[in-house]
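Engineer: I need the structure of the sequence given here:
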Amino acid sequence: MSTASAATSNTIGSSYIAELEHEGRVARQVLERVPEDKFDWKPHEKSMTFSRLASHIAEMISWTGPTLQFPELDFSKMDYKPFEPSSNAELLEYFDKNLAEAIDVLRNTSDEQFMENWTMRNGETVYFTMPKVAVMRSFVMNHIVHHRGQLSVYLRLNDIAVPSIYGPSADEGAM
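Structural biologist: Purely as a prediction, here's the structure:
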């Protein structure tokens, strides 16, 4: 099924596809501007580096599959290694791959699956249990938007033009 037809099929997944395509376009525009020569830059000692924050955004889209295809995420059963791009091109390739895979997962997830509970835990410590539809909204989508906003500040602090996100930016034209 094409994205256009998925967007008109009136499922929870099709709604998320439309949103993820829009947010993905904007996120990609922000990621395109991350300068390789400033990958190690960060605004504060407690902040992530430019590269780590950008790659985290690219990673979060890939959380769609594990969220919708499994009942839980247990950190005690995994060995997480963050993605570390060596170039902006590699970052964008990773982001594009994750976005396409997320859209495919959404296209193939039933409304019933969205209503199943999902748990985040670390062994016996449970951080939360929510319906997958809520996890997609808060833990995946809102989380991406949050960090994309941080990344736009990194751009501003480095005198890099901030793209239009939800309307014109100070750098990119009026409506």
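
Engineer: ranges for the strands of the chain?
Structural biologist: Ranges of strands within the chain are 72-74, 117-122, 125-131, based on DSSP state E.

Engineer: so what's residue 26 up against?
Structural biologist: 148, 163-165 (C-beta atoms under 8 Å, 6 or more residues apart in numbering). From N, CA and C alone the C-beta is placed, and that goes for glycine too.

Engineer: Dump the strands of the chain to a markdown table, plus distance to residue 24 and mean pLDDT.
Structural biologist: Below are the strands of the chain laid out as a markdown table (distance: least, C-beta to C-beta, whole Å; pLDDT from 0 to 100):
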| stretch | distance to residue 24 | mean pLDDT |
| --- | --- | --- |
| strand 72-74 | 22 | 96 |
| strand 117-122 | 22 | 97 |
| strand 125-131 | 23 | 98 |
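
Engineer: show me where this protein has helices.
Structural biologist: Applying DSSP state H to the chain gives helices spanning 3-7, 12-32, 50-61, 64-69, 88-107, 111-114, 132-135, 143-157.

Engineer: Of these, which is nearest residue 125?
Structural biologist: Of all those, the one in closest proximity to residue 125, counting by C-beta to C-beta, is helix 132-135 (17.4 Å).

Engineer: quick revisit: quick check on the contacts of residue 26: which are buried?
Structural biologist: 148, 163, 165 (16 or more other C-beta atoms under 10 Å).

Engineer: Adding pLDDT, write those out as TSV.
Structural biologist: Shown next, in TSV, are the buried ones among the contacts of residue 26 (pLDDT from 0 to 100):
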residue	pLDDT
148	96
163	94
165	91
